[in-house]
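Novice: Structure for the following, please:
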Amino acid sequence: MPPLLEKPADAAIAPDRGPADKLYWHGAVDAANRTALQEAIFGNIAHGLAVFDAASRLVMCNASYLSMHDLSPTVVERGGSIREILETKVRAGTFFGDVDRIIERIRECVAQRQSRRVLSESLEGKAIAIDLSPLADGGWYEVHEDVTAQTHAARDLHRTKDFFDTIIDHVPATIIVKDAKTLRYLLVNKKGEEYLERSKQQIVGRTSEEVFAPDAAKLITDHDRQTLSVGQQVEYECAPLHRFSDESHLVFAKKLIIRAPDGDANYLLSIIEDVTERVRTARQLEYQAHYDALTGLPNRALLIERIAQVLSRLNRDGACFSVMLLDLDRFKSVNDSLGHPVGDSLLKAVAQRLRASLRNDDMVARLGGDEFAILQICQGDQRDAAIALSNRILDFLAETFDIEGHQVVTGTSIGIAFAPEHGNDVDQLMKCADLALYQAKSGGRNRFCIFDMAMEIEARARHSLEVSLRSAIARCEFAMHYQPIFDIANGKACGAEALVRWRQSEHGVVIPDRFIPLAEETGLIVPLGEWILRQTCADATAWPADIKVAVNLSPVQFGKGDLVGTVSRALADSGLPPDRLELEITESVLLRNNEENIAILAALKSIGVSIVLDDFGTGYSSLSYLRMFPFDKIKIDRSFVRELSTRSDCAAIVCAIVSLARTLNIVTTAEGIETEDQLLLLRTAGCTLAQGYLFSRPVPAADLAFGGAADASAAVVAA
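Specialist: A predicted model of the protein is given here:
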């Protein structure tokens, strides 16, 4: 090391040895002290150097010191105090801090003879690390190092860490880091704290066994070790995890290993997402997709799945089964008369009885509305088992239901299909059971039918007829026939009932009993009924002014289309006076949508037409209908007239109806009269009007001769 250069006592600057080696001395420093400082000065020549004496005055410094703090050499020349230097730096903006506090720390360092490092920063962000070391004479020396880059890098690193910590804390999943060797928790984010119901302080540094209950801890540790054993990412779906509140949750856990540069496992990262709600929602959606919300029974979709499963077993080992479709009888009247809440309660009660009628292997499903289905697994004779179950269901559902204080009576119609006899796929079996159900309902309801091929043939014929019926309505291929009605008192014709006829090229003459129900079932009765009204009104305008015409209305016409508007337009377009038109309805019109249909009847009556109650005496509560609406006429059903002369009860019923009608000032018409004895008894009973084959069969409008029906009039008078 070169010797320290001597200079006069008043010299401030040592000879030039280059910018980094230039030393600044205060003249008071003697040669001995300069020698003592020589090694320290030149050993740290790259840094800023400053020496202060016991009086806290600057003894010497190097050029780096002055440069770092933007100080003038005059500070050294006059032996500036540490306070003056610090205050100068504060004014220059190269230091900000508490001057008194710094001086106090320096004095503590000197007094305790301990080295100390402090950090000085400028307003411009420059950072200087100062190492303070005491000297034997009570002074100290300082080594100043520019650590701006390191400080900024450390701060950037800290900010980056804070940034990533913030991101991790806001990730909506639990993030956990463990030591790969000890499996102790090293990190847990806020979501993890919330989910585990513990703070970081209660988790970090501990193992799973110290945090969780034994069962849960074992499961977690087993998963951790399995991941480390596999050596790659492992996923655990819907793994159970018990929280501290003992509430069991399902989680999706993804575990992966973070390795050191040498390949060793350093950390185990776990990303845990609570999927309890998701699984619960999925299960709820699954339930909603496969179960009926009202009754809790399986729905159509689940039934179809189950049938498909049983079919696969059938194809594999020959196991047979039966499919039954059920439709409640008179359910709509319950809804209409007692309200939908009662109807819903009835459906739930029916579901319970159906469940009770089945074995564990069987399934009952609700298809919608009042339709149910049963899958019966074959045990023993298939036909006998299906018949026995059907009879059991019919008996169960025939028993009165007590629904919210109402005594409700219903029944059911059942259609049955056998697998594999009637098909070996779902659609075919459902179709066969549906055809059998249709047959059961058509045959009088509250019964069961087993599918046979004749039903399919009939269904095809019905479909063909439906296609032809649509075409016939579009082409107006119908004709109107009329059956005269006579006044029993004077024998004169007073009206006629309109009856539609259809002569079809493919099917020949199609009787109304065949195509009218089909038209009602398909809704085609609405356009057909409108054509009948318009044609009848047009025909009747050519008749004598005292002759009325009666047109039958279907219950379907009340629920679809604008019946009041249709009648009004038919009268207006034809010019027929409203008082010459009679509209005949059956009690089924009053069974459904009671209040709405009565309102429609009232609107029709307000137009001026007459309302007739047809088939009186055959319904469930015919007498009550006379209180519901002021009918102009009632027609005594032909079933009473047919046996009038052979059965006393029929004669008594007819007499009672006529007497009741007379009291209520309602006209009575007896239909289906075929013999003079029947006519005589009706006249004796006081019936008003007569209609039947005794007088005339239905004939085209051109063959009507109201003024010349001598034979018919004579028959009435003779009676």
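
Novice: Residue 168 contacts residue 175, doesn't it?
Specialist: Yes. Residue 168 lies in contact with residue 175 (Cβ atoms under 8 Å); the separation is 5.5 Å. Yep, even glycine has a C-beta here, placed from its N, CA and C like the rest.

Novice: Need the overlap of contacts for the two.
Specialist: Both residue 168 and residue 175 are contacted by 187, 189, under the criterion Cβ atoms under 8 Å, 6 or more residues apart in numbering.

Novice: Tell me where the model's unsure across the protein.
Specialist: 1-46, 122-124, 160-167, 237-248, 318, 506-507, 592-593, 617-622, 707-719 (pLDDT under 70).

Novice: Now do the same contact list for the spatially closest residue to residue 292 that is not a sequence neighbour.
Specialist: Using Cβ to Cβ, 6 or more residues apart in numbering and skipping the chain neighbours, the partner closest in space to residue 292 is residue 366 (4.3 Å). Counting by Cβ under 8 Å, 6+ apart, residue 366 touches 292, 294-295, 297-299, 347, 351, 372-373.

Novice: ok, these vs residue 420, which is closest?
Specialist: Closest to residue 420 out of these is residue 373 (18.3 Å), distances taken as Cβ to Cβ.

Novice: That closest one is in contact with residue 365, isn't it?
Specialist: Yes. If you go by Cβ under 8 Å, residue 373 and residue 365 touch, sitting 4.8 Å apart.

Novice: Give the residues shared as contacts by the two.
Specialist: 300, 303.

Novice: The closest residue in space to residue 530 that isn't next to it in sequence sits in which helix or strand?
Specialist: The shortest distance from residue 530 to any non-neighbouring residue, by Cβ to Cβ, 6+ apart, is to residue 566 (5.0 Å). Assigning secondary structure by DSSP states H and E places residue 566 in helix 563-574.

Novice: Could you list every helix and strand that that helix packs against?
Specialist: Helices and strands touching helix 563-574, by 3 or more Cβ pairs under 8 Å, 6 or more residues apart in numbering; DSSP states H and E, are helix 525-540, strand 581-585, helix 594-607.

Novice: Figure out which of these is closest to residue 202.
Specialist: Residue 202 lies closest to helix 594-607 among the helices and strands packed on helix 563-574, at 68.9 Å (Cβ to Cβ).

Novice: could you dump that closest one to PDB, C-alpha only?
Specialist: What follows is helix 594-607 as a C-alpha-only set of coordinates in PDB (Å, rounded to 0.1, in the frame of the first residue of the first chain):
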ATOM      1  CA  ASN A 594    -118.400 -24.700 -15.400                       C
ATOM      2  CA  GLU A 595    -118.500 -20.900 -14.900                       C
ATOM      3  CA  GLU A 596    -116.800 -20.100 -18.200                       C
ATOM      4  CA  ASN A 597    -119.200 -22.300 -20.200                       C
ATOM      5  CA  ILE A 598    -122.300 -21.000 -18.400                       C
ATOM      6  CA  ALA A 599    -121.100 -17.500 -19.300                       C
ATOM      7  CA  ILE A 600    -120.900 -18.500 -23.000                       C
ATOM      8  CA  LEU A 601    -124.400 -20.000 -22.800                       C
ATOM      9  CA  ALA A 602    -125.700 -16.800 -21.300                       C
ATOM     10  CA  ALA A 603    -124.100 -14.800 -24.100                       C
ATOM     11  CA  LEU A 604    -125.600 -17.100 -26.700                       C
ATOM     12  CA  LYS A 605    -129.000 -16.700 -25.100                       C
ATOM     13  CA  SER A 606    -128.700 -13.000 -25.200                       C
ATOM     14  CA  ILE A 607    -128.400 -13.200 -28.900                       C
END
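
Novice: Other residues contacting the helix or strand following it?
Specialist: As assigned by DSSP H and E, the chain's next helix or strand after helix 594-607 is strand 610-616. Strand 610-616 has contacts (Cβ under 8 Å, 6+ apart) with 548, 550, 552, 579, 581-587, 601, 604-605, 622, 625-626, 629, 631-637, 657, 669.

Novice: do stretch 688-703 as well
Specialist: If you take Cβ under 8 Å, 6+ apart as the criterion, stretch 688-703 is touched by 479-489, 494-495, 497, 499, 501, 539, 542, 633, 638, 641, 661, 667-676, 678-679, 682, 709, 712, 715-716.

Novice: Drop anything exposed from those.
Specialist: Buried subset of these (neighbour count, 16 or more other Cβ atoms under 10 Å): 480-488, 494-495, 497, 499, 539, 633, 638, 641, 661, 667-673, 675, 678-679, 682, 709, 712, 715-716.

Novice: Identify the residues contacting the closest residue to residue 264 other than its chain neighbours.
Specialist: If the residues on either side of it in the chain are set aside, residue 264 comes closest to residue 180, at 8.0 Å by Cβ to Cβ, 6+ apart. Applying Cβ under 8 Å, 6+ apart, we find residue 180 in contact with 228, 257-258, 264-268.

Novice: how far out from the middle of the chain is stretch 125-144?
Specialist: Relative to the chain's own centre, stretch 125-144 is displaced by 76 Å; criterion: Cα atoms, centre = their mean, to the nearest Å.

Novice: hmm, back to that, in the contacts of residue 366, find the pair that's most separated.
Specialist: Across the contacts of residue 366, the longest distance by Cβ to Cβ is 15.3 Å; it joins 294 and 373.

Novice: Looking at the two, which is more packed in?
Specialist: Between residue 294 and residue 373, counted using other Cβ atoms under 10 Å, residue 373 has the larger neighbour count: 26 against 12.

Novice: That one belongs to a strand?
Specialist: Yes. Residue 373 forms part of a strand when assessed by DSSP: H, G, I helix; E, B strand; the rest coil.
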